[in-house]
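Participant: I need the structure of the sequence given here:
(one chain, ligands or ions: 2)
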Amino acid sequence: MSESISDAAAHGTDSPARSVSLARGLSTKLLVLTVLFVMIAEVLIFVPSIANFKLRWLEERLGTAAAVSVVLVEEDSQSLPRALQDQVLMAIGAKAIAVRNDGESRLLVVAEMPPTVDEHIDLAQTGPISATVGALETLFLGGDRMIRVFGKVGESDTEFELVIPDRRLREAMLVYSRNVALLSLVISLFTATLVYAAIDRIMIRPIRTMTRSMLAFARAPSDPRRIIEPEDRSDEIGVAERELADMQRQLQNTLGEQKHLADLGLAVSKINHDMRNILASAQLLSDRLSGVRDPSVQAVAPKLLRALDRAASYSEGVLAYGRTQEAPPSRRSVRLKQLVDEVEDLLGVDAVPGIEFVNAVDAGFEVDADSEQLFRVLTNLSRNAIQAMAGDDSAAVVRRLTISAERTGSVSSILVADTGPGLPQKARENLFAAFRGSARSGGTGLGLAIAHELVRAHGGSLDLLESRGGRTVFRVTIPDQPVRLDEARGGMRRPA
Ligand SMILES: Nc1ncnc2c1ncn2[C@@H]1O[C@H](COP(=O)(O)OP(=O)(O)OP(=O)(O)O)[C@@H](O)[C@H]1O
Ligand SMILES: [Mg+2]
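Facilitator: Ligands and ions are numbered 1, 2, ... in the order given. Next up, the predicted model:
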């Protein structure tokens, strides 16, 4: 990470890395989730272990009872004094002890009030599910229930039996549960901290770095120091960092190009501005020509004036273009044949020896278009054709520019065809792209781009139909303006 980025982030007030509150941050979510999951895992471990705890506790009591019983079996226990029996039972915490040998059961000691038993547990036969259910019952419902537990102790064949209240068992189970809960909490916090530290280092920090870089870059996209420096990692984060760096670099290049074009546009506008002034003086001078009585001057002067007028209005147009887009076409019915004649006049085809200009448009042909804009389109196309053909030196080669037109329904097509050498590869690849298509020394590469834009503003299209040595054809297609049905109906009703 370059210094500038960290600086920018440090000074940033609206950095998302900061605006995300701690409680909503990824780290907190991660911490809480880890604690939760570890606790769930602990509960899954706790349930079988509490069942096991209950059985071991009862087994221990049964073992103690067995130890006592071994002594009592030898005696005639029934003859034991009441006080002694009570003492034995109290020491174990039981209500009755019995021994079963070869199917014969003998009650060794019993409390004065023989108890009623709520739960019977055969230590040898208890499966894991019944042990779990029993343990949970003791934990949640127990406290004043009586349990009868029986089974063999150690290696001996003798089966012992014990009737014991579950109060102390439940107390022990509650203490055990509390300890397990506390331990689980400690373990889960410990695990969560480790997981958090690891993930924070591996993921969250790089994500924050990327976010900061995006922000810093957004503030100054042209500063190459603000492009993120990807770490040398092969995981997803590494890929994301490299992609981000690529994207920032590309964006920077594009911005550079755009700036270049904008600068160029500005320069063109400035030149145009001054050129407009020069044209204005030229207009003034040629105005005087109209006063000269010489017939040859009289023939040329109006044409010269018109040409200067047009040039001045183009300059205006370019200046306007610098500020906004091309003005929307103001469409009228235009006599195309006349317009093409004007194009011929402007281009002064006669001045280029050996080039023939054929105006093949029918006298009555009308096209629904902005005459100034259509004039510019045709001038650009014709000028290109003439420039291309002027390059042919051989006198024998036919050099003819033909403009013709036809109408299909409501669509007018104007064809500009020449017998020149065809478009060079570069011009064909960048057809209609401003500044890129020029393959001619001294060309700016704007002519076709402007023509294309103007035709599209009419809702039409400009296409290169054919381009090979000997025949190049551009087609301008302009549909008539659509007539809105409600307006048309209104217009029809009014006269009636
Ligand atoms: N009729 C044509 N025959 C041969 N090449 C053509 C023809 N029309 C256009 N071109 C080629 O296409 C290129 C682009 O034309 P475009 O009018 O856009 O730019 P330009 O003529 O180079 O410059 P300018 O902006 O001054 O018109 C030309 O440089 C030329 O090489
Ligand atoms: Mg051109």
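Participant: so for stretch 242-255, what's the average pLDDT?
Facilitator: Stretch 242-255 comes out with an average pLDDT of 94.
Participant: repeat for stretch 187-195
Facilitator: Averaged across stretch 187-195, the pLDDT comes to 85.
Participant: for stretch 369-386, same thing?
Facilitator: Regarding stretch 369-386, the rounded mean pLDDT is 93.
Participant: Same question for stretch 139-153.
Facilitator: 89.
Participant: Count the residues that sit near whatever residue of the stretch 251-400 of the chain ends up closest to ligand 2.
Facilitator: Nearest residue of the stretch 251-400 of the chain to ligand 2, counting by CB to the ion: Asn384, 4.3 Å away. For glycine as for every other residue, the C-beta is placed from the backbone atoms N, C-alpha and C. Residues lying near Asn384 (other CB atoms under 10 Å) number 23.
Participant: Next up, the contacts around it.
Facilitator: Listed by CB atoms under 8 Å, 6 or more residues apart in numbering, the contact partners of Asn384 are Gly447, Leu448.
Participant: Residue of the stretch 301-450 of the chain closest to ligand 2, please.
Facilitator: For the stretch 301-450 of the chain, CB to the ion, closest residue to ligand 2: Gly447, 2.8 Å.
Participant: From Leu289, how far off is that residue?
Facilitator: Per CB to CB, to the nearest Å, Gly447 is found 29 Å from Leu289.
Participant: now swap in Ile228 and tell me
Facilitator: Here the criterion is CB to CB. By it, Ile228 lies 67 Å from Leu289.
Participant: Neighbour count: the two, which is higher?
Facilitator: Remark: of Ile228 and Leu289, Ile228 carries more neighbours, 25 against 15, as counted by other CB under 10 Å.
Participant: Helix, strand, or coil at the residue of the stretch 101-250 of the chain at minimum distance from ligand 2?
Facilitator: Going by CB to the ion, ligand 2 is nearest to Gln250 of the stretch 101-250 of the chain, at 31.5 Å. Secondary structure, DSSP: H, G, I helix; E, B strand; the rest coil: Gln250 is helix.
Participant: And it, how far from ligand 1?
Facilitator: 27 Å (CB to the nearest ligand atom, to the nearest Å).
Participant: try Thr34
Facilitator: Distance from Thr34 to ligand 1, by CB to the nearest ligand atom: 65 Å.
Participant: Okay, the spatially closest residue to that residue that is not a sequence neighbour and Gln338: tell me how far apart.
Facilitator: Spatial nearest neighbour of Thr34, excluding adjacent residues (CB to CB, 6 or more residues apart in numbering): Ala192 at 3.7 Å. Distance of Ala192 to Gln338, computed by CB to CB: 86 Å.
Participant: Those two: who's more crowded?
Facilitator: Ala192 (20 against 13).
Participant: For the more buried one, identify the helix or strand it belongs to.
Facilitator: helix 167-199 (DSSP states H and E).
Participant: Following the chain onward from that helix, which element is next?
Facilitator: By DSSP H and E, the next helix or strand past helix 167-199 is helix 205-219.
Participant: just the CA coordinates of that following helix, formatted as PDB?
Facilitator: In PDB, the C-alpha atoms belonging to helix 205-219 read as follows (Å, rounded to 0.1, in the frame of the first residue of the first chain):
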ATOM      1  CA  ARG A 205      -7.600  -6.300   6.600                       C
ATOM      2  CA  PRO A 206      -7.000  -6.800   2.900                       C
ATOM      3  CA  ILE A 207     -10.600  -6.000   2.200                       C
ATOM      4  CA  ARG A 208     -10.300  -2.800   4.200                       C
ATOM      5  CA  THR A 209      -7.100  -2.000   2.300                       C
ATOM      6  CA  MET A 210      -8.900  -2.500  -1.000                       C
ATOM      7  CA  THR A 211     -11.800  -0.300   0.100                       C
ATOM      8  CA  ARG A 212      -9.400   2.400   1.100                       C
ATOM      9  CA  SER A 213      -7.600   2.100  -2.200                       C
ATOM     10  CA  MET A 214     -10.900   2.400  -4.100                       C
ATOM     11  CA  LEU A 215     -11.700   5.500  -2.200                       C
ATOM     12  CA  ALA A 216      -8.400   7.100  -2.600                       C
ATOM     13  CA  PHE A 217      -8.400   6.300  -6.300                       C
ATOM     14  CA  ALA A 218     -11.900   7.700  -6.700                       C
ATOM     15  CA  ARG A 219     -10.600  11.000  -5.300                       C
END
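Participant: which secondary structure elements does it contact?
Facilitator: Judged by 3 or more CB pairs under 8 Å, 6 or more residues apart in numbering; DSSP states H and E, helix 205-219 is in contact with helix 3-11, helix 16-19, helix 236-289.
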